[in-house]
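A.B. asks: Here is my input, please return the structure:
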Amino acid sequence: MGAGAVGQVLALHLKRAGAYVTFAVRNPEKVHPTTLTRLGWFGRRDVSTLAVDEVVSVLDGRGFELVFITLPSDALESPWLASIAKQLGDAIVVGLQPGLEDRARLLALGLDEARLVRGLISLVSYATPLSTDDALQTRGYAYWLPPLSPFAFDGPRPFVDTVVSTLKHGGLPATHRPGLEHEVIFFTAALLVTVRALERHGWSLRELRRDPSLSVAASAQALAVTARRLNRSAPFGPTLTTRSWLLGLATSVAPKVLPFDFETYARVHFTKVAPQSRLLLGELVTEGHAFGLPVDALENLLAGV
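C.D. replies: Here you go, the predicted structure:
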């Protein structure tokens, strides 16, 4: 469900696993065979062409074994999606949305919680070319799979095993990670704050390093709100965004090791998904007020989105 950058990569690897793959989208006429380029170290590129088996906007009684919902959080309440979700029957449904309220949004579609698997997107994928200066001028999508960071899933164990084994059979690293959903929510809170602070600095990592104060303060508030809501401490990884020296180190190293232009990617991708960011950041602010926690830095950050 959805044929964007993430959906295209999943579809490619599902096809390699031997699956019959359908895209369910609002406008099927806009979906065509696509060139996908997997980025590697030292300029390595593996190019593939994806042609799924069918593209539809209504299911018309079709039966599915496995469904990935790759739409953003702000699209989960659309009438079109609700009408599709009602027809999924006993399919295993994988939700990849990362927000505090996204499980509730998925269940509000009428999905069976006993067959719902939650997933963490552990790749970078984007439409190409990113800009006129992009070395990759082919129209399509590029994606990068970070080493030692497989797609992670959690939920009812038999269904998680099906998802993981299918994707691995198609060449996409995947694993079962208990407790994943809470980890994803913490990670997303920290990531959204950092990205939106980068936006406030004109998408310049250098400028963010020069003045990390807003990012650090807002990250601390976002994690505090999330911890209160989930009644658990933030894991170590997301807390790194509350330390200015580590933020400075990461923003210095990332451009040197990533096989794509991170600043351009961040500007293009996170501008496109700004409605989702506003929604998820706004929910953190609302929760913070409800708990009586400070959210002034979060509100400052949200005002600039």
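A.B. asks: Is it correct that residue 263 falls within a helix?
C.D. replies: Yes: under DSSP: H, G, I helix; E, B strand; the rest coil, residue 263 sits within a helix.
A.B. asks: Look up how far residue 196 lies from it.
C.D. replies: Distance of residue 263 to residue 196, computed by C-beta to C-beta, to the nearest Å: 14 Å. For the C-beta atoms, the positions are set from N, CA and C on the backbone; glycine is no exception.
A.B. asks: These two: which has the busier surroundings?
C.D. replies: It is residue 196, of residue 263 and residue 196, that has more neighbours when counted by other C-beta atoms under 10 Å, with 22 against 17.
A.B. asks: distance of the one residue sitting closest to the centre of the chain from residue 244?
C.D. replies: Residue closest to the mean C-alpha point of the chain, counted by C-alpha atoms, centre = their mean, is residue 121 at 5.0 Å. Note on residue 121: its distance to residue 244, by C-beta to C-beta, is 27 Å.
A.B. asks: How about residue 173?
C.D. replies: Distance from residue 173 to residue 244, by C-beta to C-beta: 32 Å.
A.B. asks: Looking at those two, which is more packed in?
C.D. replies: A direct count of neighbours by other C-beta under 10 Å for residue 173 and residue 244 places residue 173 higher, at 18 against 15.
A.B. asks: counting contacts, what elements does the lengthiest helix in the chain pack onto?
C.D. replies: In the chain, with assignment by DSSP state H, the single longest helix is helix 180-200. Secondary-structure packing of helix 180-200 (3 or more C-beta pairs under 8 Å, 6 or more residues apart in numbering; DSSP states H and E): strand 116-120, strand 151-154, helix 205-210, helix 213-230, helix 236-239, helix 262-272, helix 274-291, helix 296-303.
A.B. asks: Save these as JSON lines, and put in mean pLDDT too.
C.D. replies: Putting the helices and strands packed on helix 180-200 into JSON lines (pLDDT from 0 to 100) gives the following:
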{"stretch": "strand 116-120", "mean pLDDT": "95"}
{"stretch": "strand 151-154", "mean pLDDT": "96"}
{"stretch": "helix 205-210", "mean pLDDT": "94"}
{"stretch": "helix 213-230", "mean pLDDT": "96"}
{"stretch": "helix 236-239", "mean pLDDT": "91"}
{"stretch": "helix 262-272", "mean pLDDT": "92"}
{"stretch": "helix 274-291", "mean pLDDT": "94"}
{"stretch": "helix 296-303", "mean pLDDT": "93"}
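A.B. asks: Switch the ones you listed over to CSV; also include distance to residue 65.
C.D. replies: Output for the helices and strands packed on helix 180-200, formatted as CSV (distance: least, C-beta to C-beta, whole Å):
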stretch, distance to residue 65
strand 116-120, 13
strand 151-154, 16
helix 205-210, 43
helix 213-230, 32
helix 236-239, 33
helix 262-272, 30
helix 274-291, 28
helix 296-303, 40
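A.B. asks: Select, out of the ones you listed, the one closest to residue 40.
C.D. replies: Across those, residue 40 has its closest neighbour in helix 262-272 (16.1 Å, C-beta to C-beta).
A.B. asks: list the helices and strands that closest one packs on?
C.D. replies: Other elements packing on helix 262-272 under the criterion 3+ C-beta pairs under 8 Å, 6+ apart are strand 124-128, helix 180-200, helix 244-257.
A.B. asks: hmm, who's touching that helix?
C.D. replies: With C-beta atoms under 8 Å, 6 or more residues apart in numbering as the test, helix 262-272 has contacts from 124, 126-127, 130-131, 134, 195-196, 198-199, 203-205, 254-255, 277.
A.B. asks: Report the inter-axis angle for that helix versus helix 244-257.
C.D. replies: 110 degrees (axes from the mean of the first three to the mean of the last three C-alpha atoms, to 10 degrees).
A.B. asks: ok, the residue nearest to the centre of the chain to residue 69 distance?
C.D. replies: 12 Å.
A.B. asks: Identify the contacts common to those two.
C.D. replies: Each of residue 96 lies in contact with both residue 121 and residue 69 under the rule C-beta under 8 Å, 6+ apart.
A.B. asks: so which helix or strand takes in residue 93?
C.D. replies: Counting by DSSP states H and E, the element that carries residue 93 is strand 92-95.
A.B. asks: What's the first helix or strand after that strand?
C.D. replies: Downstream of strand 92-95, the first helix or strand assigned by DSSP H and E is helix 102-108.
A.B. asks: Nothing else from me, thank you.
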